[in-house]
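Visitor: Pasted the sequence and its predicted model underneath.
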Number of protein chains: 2
Amino acid sequence: MKSGCKYGTHRVILPEGVLPQAALKIDNTMEIYDNEILVDVIALNIDSASFTQIEIEADHDSEKIGRKIMEIVEERGKMQNPVTGSGGMLIGVVEEIGAALKDKIDLKPGDRIATLVSLSLTPLKIEKILSIKQDIDRVEVKAKAILFESGLYAKLPEDMSENLALAALDVAGAPAQVAKMVKPGDSVLILGASGKSGMMCAYEAMKRVGPTGRVVASDRREDALEMLKKNRFCHEAFAGDATKPVEVMTKALAHNGGREYDIAINVVNVQNTEMSTILPVRDGGIVYFFSMATSFTKAALGAEGVGKDVTMIIGNGYTRGHAEITLEELRESESLRAIFEELYV
Amino acid sequence: MKSGCKYGTHRVILPEGVLPQAALKIDNTMEIYDNEILVDVIALNIDSASFTQIEIEADHDSEKIGRKIMEIVEERGKMQNPVTGSGGMLIGVVEEIGAALKDKIDLKPGDRIATLVSLSLTPLKIEKILSIKQDIDRVEVKAKAILFESGLYAKLPEDMSENLALAALDVAGAPAQVAKMVKPGDSVLILGASGKSGMMCAYEAMKRVGPTGRVVASDRREDALEMLKKNRFCHEAFAGDATKPVEVMTKALAHNGGREYDIAINVVNVQNTEMSTILPVRDGGIVYFFSMATSFTKAALGAEGVGKDVTMIIGNGYTRGHAEITLEELRESESLRAIFEELYV
């Protein structure tokens, strides 16, 4: 068995010297190095920005979506959307663990896991696509994948279904970051609040701001607002198109007594929503971008352009304990769990 | 005189409802609204990522560079590089101030100012390009520009030349953010340290870390390392190609006693340097991206892909007092000023 790099650089084909995520092509030979894990894949959960892009390109035709996914994986050796750059995650069963890794980790062949690193850096070989569930961005496959030594994973919990856990773990970074960042008394604005990530962030923000804080949710879908308020995922909610910053700012301030927010969280899966997130925040406040559709330059130059002294954070998909924090939300909140069961499983 | 929006939305032609920075085309009619400032432009200082891209596309031919710039401004109504999305800044003389703004600001016609908002959102009409200075990314022009009410500017100081002040103000955001973020005792890694922004950040970091901290500078240019050390802009320096993350990480840790850094600052003006900035930082540390060549998804998915729990910040071109902090560096440090005089004026 060959020895591999912790970060998987031994799999990079093109260009040389980069890490697997940045590579245009990686080696998806399904013979493991001594510090890799071979996974028998059950399903891919494509990241929302990526799936939406492919869905639109393929006119919502499942067969075309499947062909596009096969094409991408054949070309790149991984499921990384060339337009959005993003991936998603997968669930599967551990098939083999490299000799050098075997005694260092709490996994054995047969364990069911979800990988918590992006598909955009995970060697993948799809033999066959079994079914495509457009409503939950999920692709069931016969496939194998490789997990590197630095790769994160979660054993699937026994007190909830696989699909439910996967749906939540897919966005694990966001609510866990919210848990660490939001303080009692904060006013928090959440854009794209009716999405999977949005609801979890809103729920977590409500928990953290306490009785003196305020969570205002916004979404393009009018019909989602009642659901958000009824389930107490926010104090107030308004309908707004996040690509229209002036409109969003006006409505957002009106829902916060005319005051600017301490924190704005962007979980919208379309482009050009940076300014709607920046404008409603006070000088010295925090702007958190979790959407993979965020443009770095639009945010950086946009804040400068309007003279806003805000701290803008790139949503990191990983923070310590993110899987635990996220799964715990589903145990704590019956309504969140029921909605997830209904919409994403 | 017509009344305009504080953020300049009245100038947006395409697409509707966005702010000027996100617009593909803005109205560059040089007749001001009542809250705008008309500026007689002396020179454009093109942002480094943008100028480098145009320079390469034009084979370093000044005439071709000029044609490309004219083309962009004619098409968009502003100098926003369609590839990088970025702009730069300008200096000029105040020609006219809108009636509604006149008594609210400390400016009068005839004042020489530098605009501190990006050219990527500033209405601009170029009559003629007078000269292109490729070594300092500067374009001297006969042109007019519009500054919105929310637009930031600095009156040019009298104790230094216009070109010197402009060269420094162009990167004002970065050193001012460093001043606010770096604490005594921190270990700080600066990638791209020999550039304009890099030197200012390094100088500021040295000031802030104090005797118990450590600043390590890296640059692709070997010959710059001696300069950085000799002028005490860092404790140690090493040559490294920031597009090679594994190489940079290995060298960076070796220069910090094998320990990961508290803070890494990226001021490299080429693509694919995200991972070199993330890998050397400890869990819980800060990664600051100032380069306009940064990719949001590469950073977000990259940190997750290697399981790094770091806070990644999008460099905001504005923070309160940024112009003052930056100009003060040139007054404090004779060597920094001498280098700026030599290289950028």
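Guide: Okay, I see it.
Visitor: At which residues are the helices of the stretch 151-300 of chain A located?
Guide: Counting by DSSP state H, counting those that start in this stretch, the stretch 151-300 of chain A has helices at residues A:162-169, A:173-181, A:196-209, A:222-230, A:245-254, A:274-278, A:296-305.
Visitor: Go through those and name the closest to B:M275.
Guide: Nearest to B:M275, of all these, is helix A:296-305, at 14.8 Å by C-beta to C-beta. Where C-beta positions appear, they are placed from N, C-alpha and C, glycine not excepted.
Visitor: Residue numbers of the stretch 101-250 of chain A in contact with chain B?
Guide: Residues of the stretch 101-250 of chain A lying close to chain B by C-beta under 8 Å from any C-beta of the partner chain are A:116-118, A:120-121, A:150-152, A:173, A:241, A:243-247.
Visitor: run the last query once more with 7 Å
Guide: A:V117, A:S118, A:S120, A:L121, A:S150, A:L152, A:G173, A:T243, A:K244, A:P245, A:V246, A:E247 (C-beta under 7 Å from any C-beta of the partner chain).
Visitor: The fifth one falls within a helix, correct?
Guide: No - assessed by DSSP: H, G, I helix; E, B strand; the rest coil, A:S150 does not belong to a helix; its assignment is coil.
Visitor: Check which residues of the worst-scoring helix or strand of chain A on mean pLDDT are buried.
Guide: Across the helices and strands of chain A, mean confidence by mean pLDDT, DSSP states H and E is lowest for helix A:162-169: a mean of 87. By neighbour count with 16 or more other C-beta atoms under 10 Å in any protein chain shown, helix A:162-169 contains the buried residues A:N163, A:L164, A:A165, A:L166, A:A167, A:A168, A:L169.
Visitor: what about the second one, distance to B:R67?
Guide: Distance, A:L164 to B:R67, using C-beta to C-beta, to the nearest Å: 58 Å.
Visitor: Next, the buried residues of stretch A:177-196.
Guide: Result for stretch A:177-196 [16+ other C-beta under 10 Å]: buried residues A:177-182, A:186-196.
Visitor: Now for A:D34, how many residues are close by?
Guide: Residues contacting A:D34 under the criterion other C-beta atoms under 10 Å in any protein chain shown number 15.
Visitor: cool, and A:S120?
Guide: For A:S120, using other C-beta under 10 Å, the count is 28.
Visitor: Surely it is in a helix?
Guide: Yes - counting by three-state DSSP, A:S120 is found in a helix.
Visitor: Please parse chain A into its domains.
Guide: Following automatic domain parsing, chain A resolves into domains at A:9-156, A:173-344.
Visitor: re earlier: may I ask which two of the buried residues of helix A:162-169 are separated the most?
Guide: Greatest spacing in the buried residues of helix A:162-169, by C-beta to C-beta: A:N163 and A:L169 (10.7 Å).
Visitor: follow-up on the earlier one: reformat the domains of chain A as JSON lines; add mean pLDDT.
Guide: Formatted as JSON lines, the domains of chain A follow (pLDDT from 0 to 100):
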{"stretch": "domain A:9-156", "mean pLDDT": "94"}
{"stretch": "domain A:173-344", "mean pLDDT": "95"}
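Visitor: So which of those domains is the most surrounded?
Guide: Neighbour counts (mean count of other C-beta atoms under 10 Å in any protein chain shown) averaged over each of the domains of chain A peak at domain A:173-344, with a mean of 22.
Visitor: Okay, now it: how far is its last residue from its first?
Guide: End-to-end span of domain A:173-344 (C-alpha to C-alpha, to the nearest Å): 18 Å.
Visitor: for stretch A:326-342, same thing?
Guide: Start and end residues of stretch A:326-342 are separated by 18 Å (C-alpha to C-alpha).
Visitor: neighbouring contacts of that stretch?
Guide: Here stretch A:326-342 makes contact (C-beta atoms under 7 Å, 6 or more residues apart in numbering or on different chains) with A:157, A:160, A:164-165, A:167-169, A:172, A:175-176, A:199-200, A:203-204, A:231.
Visitor: now with 8 Å?
Guide: For stretch A:326-342, the surrounding residues in contact (C-beta atoms under 8 Å, 6 or more residues apart in numbering or on different chains) are A:154, A:157, A:159-160, A:164-165, A:167-169, A:171-172, A:175-176, A:196, A:199-200, A:203-204, A:227, A:231-233.
Visitor: Can you give me the distance of A:I278 to B:L169?
Guide: In terms of C-beta to C-beta, A:I278 sits 22 Å off from B:L169.
Visitor: ignore the last one, A:G285
Guide: Distance, A:G285 to B:L169, using C-beta to C-beta: 25 Å.
Visitor: And the pLDDT at A:K2?
Guide: Note on A:K2: pLDDT of 87.
Visitor: next one: the one 5 residues further on
Guide: A:Y7 carries a pLDDT score of 90 in this model.
Visitor: residue ranges for the strands of chain A, please.
Guide: Here chain A has its strands, by DSSP state E, at A:12-14, A:25-26, A:37-46, A:88-97, A:112-115, A:124-133, A:138-147, A:153-155, A:187-191, A:214-219, A:236-239, A:261-266, A:281-289, A:311-314.
Visitor: Could you name the helices and strands sitting against the last one?
Guide: Contact analysis of strand A:311-314 by 3 or more C-beta pairs under 8 Å, 6 or more residues apart in numbering or on different chains; DSSP states H and E lists strand A:281-289, helix A:296-305, helix B:296-305, strand B:311-314 as its packing neighbours.
Visitor: can you rerun that using 6 Å?
Guide: Where contact means 3 or more C-beta pairs under 6 Å, 6 or more residues apart in numbering or on different chains; DSSP states H and E, strand A:311-314 is packed against strand A:281-289, strand B:311-314.
Visitor: For the longest one, enumerate the helices and strands it packs against.
Guide: Contact partners of strand A:281-289 among helices and strands, from 3+ C-beta pairs under 6 Å, 6+ apart: strand A:261-266, strand A:311-314.
Visitor: so how far is the first one from its chain's centroid?
Guide: Read it as strand A:261-266. The chain centroid and the centroid of strand A:261-266 are separated by 18 Å under C-alpha atoms, centre = their mean, to the nearest Å.
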